[in-house]
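Visitor: Here is the input, now give the coordinates:
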Amino acid sequence: MGKKIETFEKIERLISDVSSNSIKPGLGRVAKLLKELGNPERRFQAIHVLGTNGKGSTACFIKSILEETGARVALYSSPHIHHFGERLVIGDEPVDSAIWLDKLDEVEKILKKINDRPSFFEVSTAIAFSILAEADVDFAVIEAGLGGRLDATNIVPNVLVSVFTDIAMDHQEFLGDDILSIAKEKFSALRPQGRSCYIGGEASVEDLYITISQRLGNEGHLVVREWEFRLKKMDLAGTVFDIYTPNGPFEDLKVSLKGIHQIRNAANALMAIKLLEKEGTITVSEKDIRKGFLKAKWPGRFDVVEKNGKTIILDGAHNPHGMAALVSSMKNILPNVKPSILFAAMKDKDYAESLKILKEIKGDLFAVSVPGMDRSERPENLVSTASRIGWEGRCEPVDDLQSALIKAMKRNDIILCCGSLYLIDRLYKLL
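Guide: Numbers count the residues shown, from 1 in each chain. Prediction:
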């Protein structure tokens with residue numbers, strides 16, 4: 001495993017070396033690169049998953065259920081947790097590093113002739129699409145990176161279903177300063193005469209989805225208005241719930257992922273599966289659905305690790321909407337528990353609002369920066385912000401991540417680690 005990770009770390013560095021350091025929304029650069037590659041994005045069928053929070057879990061559920069039908073399914077997602085190879089998985093395994101290196105060599109030769117170089121994500125996406133075109137997959141579940149309309153993944157033409165997860169405030173510098181502007185950017189990925197589903201959210205966002213869907217002749221399904229779902233049980237082993245549809249109930253469904261928000265993600269995924277079935281693309285049984293949900297795994301989302309008699313919860317919540325879901329899960333699964341909280345955040349995130357939500361748990365805060373990341377906010381600034389908003393427990397800045405983890409474990413039997421997926425990545429390596 002160590003050698004595999006080293007190879008993928010090398011691939012990540014090589015892609016970074018040939019890419020532009022800046023993010024410039026638009027499809028022109030990736031379109032030019034894909035044209036030079038022979039337009040591989042045209043040679044596979046996709047389920048496109050977009051939104052702010054819940055994209056990865058929803059995509060994972062869709063992939064897992066499709067595989068239970070016997071389909072060969074790929075998943076392209078970002079960011080990764082353990083290593084770059086996680087971004088493109090076919091079946092249970094990341095695509096072999098040798099295939100990535102072969103395609104990267106081809107892309108590198110093309111980029112030498114291009115002045116306006118694509119970003120890291122655009123280059124990664126172009127290589128992934130080139131691999132998928134030759135992988136003989138039945139479906140590719142494609143998770144959008146940032147936004148929708150101008151996201152590199154939106155260049156895929158053969159989208160069977162567009163799936164929209166929870167939409168919230170994030171990446172305002174690219175998507176807009178209010179929720180409707182952000183939602184419009186994402187819903188602009190809807191396909192004329194296509195099929196789609198949106199889990200639902202604020203009433204104004206739901207209305208916008210319906211309006212745009214109708215204008216495009218897109219068969220849009222607003223999940224929260226068509227189906228009901230109810231929590232039955234939630235603990236550290238997973239979540240049990242019911243989904244009620246006009247065609248009958250799905251009772252006692254279980255996922256290993258924890259949290260009330262995972263019920264929404266699962267319902268959204270099931271709606272996407274039903275739309276594929278309606279199109280005649282697949283035949284899916286209730287057994288496929290149940291097994292698919294149960295088998296789905298997604299790291300860094302209320303992931304529980306036991307170490308030295310301590311329970312460590314790793315969650316990549318990094319914006320206020322995600323933090324609210326995490327706090328809700330903590331209150332339901334571990335009521336009245338005041339854990340040690342190990343927290344880091346990027347400078348460009350609304351960590352003040354996230355900390356306001358997180359303080360409801362009333363644990364002691366150990367603030368850190370993510371090693372090797374200039375974007376990571378300084379621990380002193382995180383503690384200052386926590387104190388300003390009235391954090392009730394102890395707040396301590398810690399310079400070293402390992403020291404912070406040791407301090408947090410000494411203070412409490414339950415440790416909650418959150419604020420950044422990059423933090424979760426580094427903690428997995430320590431654990």
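Visitor: tell me the contacts of Val305?
Guide: Contacts for Val305 (CB atoms under 8 Å, 6 or more residues apart in numbering) come out as 311-314, 431. Heads up, the C-betas are built off the backbone N, CA and C, glycines and all.
Visitor: Now it: phi and psi?
Guide: Here is the backbone geometry of Val305 (degrees, to the nearest 10): phi -120, psi 130.
Visitor: now swap in Ile313 and tell me
Guide: phi -110, psi 120.
Visitor: Show me what it is bridged to.
Guide: For Ile313, the beta-bridge partners are Val304, Leu416 (DSSP bridges).
Visitor: For this protein, name the helix or strand with the lowest mean pLDDT.
Guide: helix 172-175 (a mean of 57; mean pLDDT, DSSP states H and E).
Visitor: Beyond it, next helix or strand please.
Guide: Next along the chain after helix 172-175, taking DSSP states H and E as the criterion, comes helix 179-187.
Visitor: and that next one, what other elements does it pack with?
Guide: Packing partners of helix 179-187 (3 or more CB pairs under 8 Å, 6 or more residues apart in numbering; DSSP states H and E): helix 172-175, helix 203-216.
Visitor: Can you point out the buried residues in the helix ranked longest in the chain?
Guide: Looking across the chain with DSSP state H, the single longest helix is helix 260-279. Across helix 260-279, burial judged by 16 or more other CB atoms under 10 Å covers 260-276.
Visitor: tell me the mean pLDDT over it?
Guide: Averaged across helix 260-279, pLDDT comes to 96.
Visitor: ok, back up a step: by mean pLDDT, show me the worst of the helices and strands packed on helix 179-187.
Guide: Of all those, mean pLDDT reaches its minimum on helix 172-175 (a mean of 57).
Visitor: Nearest residue to the middle of the chain?
Guide: Gly56 (3.3 Å; CA atoms, centre = their mean).
Visitor: what about that one, which SS state?
Guide: Here Gly56 is helix, with the state taken from DSSP: H, G, I helix; E, B strand; the rest coil.
Visitor: doesn't Arg301 make contact with it?
Guide: Yes: under the criterion of CB atoms under 8 Å, Gly56 makes contact with Arg301 at 7.3 Å.
Visitor: Counting neighbours, what do you get for Thr283?
Guide: When neighbours are counted by other CB atoms under 10 Å, Thr283 registers 10.
Visitor: same deal with the one 3 residues further on?
Guide: Residue crowding around Glu286 was assessed by other CB under 10 Å; the count is 10.
Visitor: Isn't it up against Pro249?
Guide: No: counting by CB under 8 Å, Glu286 stays clear of Pro249, with 10.5 Å between them.
Visitor: For stretch 109-118, which residues meet the burial criterion?
Guide: Within stretch 109-118, the residues scored as buried using 16+ other CB under 10 Å are 110-111, 117-118.
Visitor: Same question for stretch 230-243.
Guide: The neighbour-count check on stretch 230-243 (16+ other CB under 10 Å) flags 234, 238-241, 243 as buried.
Visitor: how long is stretch 11-31 from one end to the other?
Guide: 22 Å (CA to CA, to the nearest Å).
Visitor: brain fart, stretch 410-426
Guide: End-to-end span of stretch 410-426 (CA to CA): 20 Å.
Visitor: mind checking how far the residue of the chain most remote from its centre is from Gly372?
Guide: The outermost residue of the chain relative to its centre, with distances by CA atoms, centre = their mean, is Lys113 at 33.4 Å. Here Lys113 is placed at a distance of 33 Å from Gly372 (CB to CB, to the nearest Å).
Visitor: is it fair to say Glu108 lies in a helix?
Guide: Yes: applying three-state DSSP, one finds Glu108 inside a helix.
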